[in-house]
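> Got a predicted model here, sequence first, then my questions.
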Amino acid sequence: MTPIGRLAPSPTGAQHVGNARTYLVAWLMTRSHNGVVRLRIEDIDSPRIKAGAAEQAAEDLHWLGLDWDGVPVTQTDRLPLYEAALEQLKRQERVYPCTCTRSDIAAAASAPHIGQEGPPYPGTCAHRTVADALSLVADGKPFAWRFRVTESPTFTDLYAGEQHIDLEILGGDFVVWKSAGTPAYQLAVVVDDAEMGITEVVRGDDLIPSTPRQLLLYRALGLTPPVFAHVPLVVGEDGRRLAKRHGDTRLSTLRESGVTAETLVGLLAWSCGWVEEAQPIRARELLPLFRLSVIPSRPFVLTAETLRRIEN
Ligand code: GLU
Ligand code: ZN
């Protein structure tokens, strides 16, 4: 079977060194097995989408030496697909309308288990049925659709091994359709990965808590899940996920300041343990050197010193 992988940038901002490392791993994983790579622009999170960021992301990927097959897929062109999936969940009563606001949820939650995604949903609206949505619509009350979480599936990550998130910290019933009338990430990503025939998903390990939820959606929708490989992120010297406070690590900025793709790819390849030294190298030259298992399990710390070094 030909593996089918994907690069899935969110055009909510510029792509930075951290994103580049994950894309490089994803591309090498699929291409090193002569697989098909698809590009998907994850632009359903509309308030946060920046104009031109999708084109910029494609340009950044090209600059890195990563390519893809076929035409890119854009989530905002695919709303009917997500709507059909929501309808399917409604027919099964797997979802219910939720009128809670963020502050309602924060107020109802007891402090102990605040996960990465904020306080767990306390189940305030779980007594509702799908039919209750009609009266909410009639009353002009905005609501989201939440998926009923019954268990937390265990999965075997190709990189990180056996993964299990306790049901209590998974965060409870989650939103699949926002009150703004758009699909939530969890639903869109499952519908897309299934529809595009994706067989392997390589992404940052910050998304591990999303995977059990996505597996529940695959099951509920009768779809076959891909295999997952969640890889460590790039962090700053303070150990926190790469962000503005760590300096400007946007790929477009590095490019403008004269950093070559080969220099950056060399640094990333070294950080992944595929080469002994951070020497300039092209992405495709890494194809025979790629090994998922040798990527260090600690996040890669991008120091200000390293950043300065590649800029010179
Ligand atoms: N669009 C997401 C991101 O850029 C990736 C989601 C995924 O790989 O499932 O973080
Ligand atoms: Zn609610």
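It's in. Ligands and ions are numbered 1, 2, ... in the order given.
> The lowest-mean-pLDDT helix or strand in the chain and ligand 2, any residue contact?
Of the helices and strands making up the chain, the lowest-confidence element is helix 102-108, at a mean of 83, by mean pLDDT, DSSP states H and E. No: contact between helix 102-108 and ligand 2, assessed by C-beta under 5 Å from the ion, is absent, since the two come no nearer than 7.0 Å. No exception for glycine: its C-beta is placed from N, CA and C like everyone else's.
> buried ones in that helix?
Within helix 102-108, the residues that qualify as buried are Ile105, counting by 16 or more other C-beta atoms under 10 Å.
> Report how many residues lie close to Leu24.
The tally of other residues near Leu24 (other C-beta atoms under 10 Å) stands at 27.
> and it, what does it touch?
Applying C-beta atoms under 8 Å, 6 or more residues apart in numbering, one finds that Leu24 lies in contact with 64, 66, 265, 268-269, 272, 283, 286.
> Filter these down to just the ones in helices.
Secondary-structure check on the contacts of Leu24 using DSSP state H: residues within helices are 64, 265, 268-269.
> Report the two of those residues separated the most.
Within the ones in helices among the contacts of Leu24, Leu64 and Ala269 form the most distant pair, 11.6 Å apart (C-beta to C-beta).
> can you pull out the strands in the stretch 1-150 of the chain?
Listed in chain order, the strands found in the stretch 1-150 of the chain under DSSP state E, counting those that start in this stretch are 4-7, 36-41, 73-74, 95-98, 144-147.
> mean confidence for the shortest one?
Taken as a whole, strand 73-74 carries a mean pLDDT of 96.
> Tell me which residues are up against that strand.
Contact partners of strand 73-74, identified using C-beta under 8 Å, 6+ apart, comprise 38-41, 43, 54, 192, 196.
> mind running it again at 6 Å?
Contacts made with strand 73-74 from outside it, assessed by C-beta atoms under 6 Å, 6 or more residues apart in numbering, are listed as 40-41.
> mind listing what it pairs with, with the direction of each?
Within its sheet, strand 73-74 is paired with strand 36-41 (parallel), according to DSSP bridges.
> so does the partner strand get close to ligand 1?
No: residues of strand 36-41 contacting ligand 1 under C-beta under 6 Å from any ligand atom: none, with a closest distance of 8.0 Å.
> and the stretch 1-150 of the chain, which residues reach ligand 1?
8-10, 42.
> make it 8 Å
6, 8-10, 12, 19, 22, 42 (C-beta under 8 Å from any ligand atom).
> just how off-centre is stretch 276-287 within its chain?
In terms of C-alpha atoms, centre = their mean, to the nearest Å, the gap separating the centre of stretch 276-287 from the centre of its chain is 25 Å.
> End to end on that stretch, go ahead and measure it.
Stretch 276-287 has an end-to-end distance of 16 Å (C-alpha to C-alpha, to the nearest Å).
> ok, Thr156 - how many residues close by?
By the other C-beta under 10 Å criterion, the neighbourhood of Thr156 contains 10 residues.
> Just to be sure, Arg203 is in a strand?
Yes: remark: Arg203 belongs to a strand, assigned using DSSP: H, G, I helix; E, B strand; the rest coil.
> give the contact list for it.
Arg203 makes contact with no residue, according to C-beta under 6 Å, 6+ apart.
> That one pairs with what?
Here Arg203 sits in beta bridges with His230, as judged by DSSP bridges.
> In the chain, where's the longest helix?
In the chain, assigned by DSSP H, the helix with the most residues is helix 17-31.
> Can you check what angle separates that one from strand 36-41?
Calculated by axes from the mean of the first three to the mean of the last three C-alpha atoms, to 10 degrees, helix 17-31 forms an angle of 150 degrees with strand 36-41.
> Spell out which parts of the stretch 151-300 of the chain neighbour ligand 2.
Residues of the stretch 151-300 of the chain lying near ligand 2 (C-beta under 5 Å from the ion): none found.
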